[in-house]
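Participant: got a predicted structure plus its sequence, pasted below:
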Amino acid sequence: MRTRLALRGAGLLCLLVAVLGGCSASRQWRQAERIDAAPVRVTGVVTAVDHVPKSGDEQVIAYEVQGRRHTVKRSLGTGPGSPGAGHRVCLEADRARPDVVRLCGERYPSGDDMYPTYVLVTVAGAIGACVVAGVAVGVRRRSRSEPAR
C-alpha cells in the first residue's frame with residue numbers, strides 16, 4: 001500500500017514537472033514569435049544593479065515604448081565588464097505588449113539558455129512519469145501473482 005502511494009506521488013510530481021516545463025517553454029516560444037512578428041527596437045538604460053544571492057547580479061533596465069516607461073530585470077553578467085548604472089542596452093519589445101522584451105541578438109525573452117532548459121525539464125519529467133508508470137505496473141503485477149499468506 002505504501003509503495004503504491006509513493007509511486008502515485010512520484011508519478012504526479014513528474015507529471016507536474018513536465019507540465020510546468022512545457023508551459024514555460026510554450027510561453028517563451030509564443031513571446032518570441034510575437035516579438036519577431038513586429039519588433040520594436042529600443043535602447044534601455046541600466047538604472048540599478050541588484051545583487052541576488054547565489055546567482056550574481058541582475059541589472060534593472062528602464063526603457064520606453066510608445067511613450068510609456070517600462071522596467072525589466074536581466075542578468076547581464078558580473079565582474080569588471082558587466083553593465084552598471086547608466087549603461088545603454090539594446091532591447092527588442094513586442095509592439096502589442098511592450099512589457100515582453102528580450103535583449104537584441106537573443107531569440108527568447110528569458111534568454112537563449114533558458115528555452116532549452118525548459119524543454120529538457122519537460123522531457124525529463126515525461127520520462128520520469130513513464131518510468132514511474134512502468135514500475136507501478138510491475139509492482140501491481142507482482143502483487144497479483146503472489147499467493148496470499
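Facilitator: Right, received. Where do you want to start?
Participant: tell me how far the longest helix along the chain is from the chain's mean position?
Facilitator: Identified as the longest helix of the chain according to DSSP state H is helix 2-37. Put simply, helix 2-37 sits 10 Å off its chain's centre (CA atoms, centre = their mean, to the nearest Å).
Participant: now swap in stretch 96-114 and tell me
Facilitator: Worked out by CA atoms, centre = their mean, stretch 96-114 lies 12 Å from the chain centre.
Participant: and the average pLDDT for the longest helix of the chain is what?
Facilitator: Regarding helix 2-37, the rounded mean pLDDT is 91.
Participant: elements contacting that helix?
Facilitator: On a contact count with 3 or more CB pairs under 8 Å, 6 or more residues apart in numbering; DSSP states H and E, helix 2-37 meets strand 88-94, strand 101-103, helix 114-145. In this view, the C-beta of every residue, glycine as well, is placed from N, C-alpha and C.
Participant: tell me which other helices or strands the second one touches.
Facilitator: The criterion is 3+ CB pairs under 8 Å, 6+ apart, and the helices and strands that strand 101-103 contacts are helix 2-37, strand 68-74, strand 88-94.
Participant: if we use 7 Å, what do you get?
Facilitator: strand 88-94 (3 or more CB pairs under 7 Å, 6 or more residues apart in numbering; DSSP states H and E).
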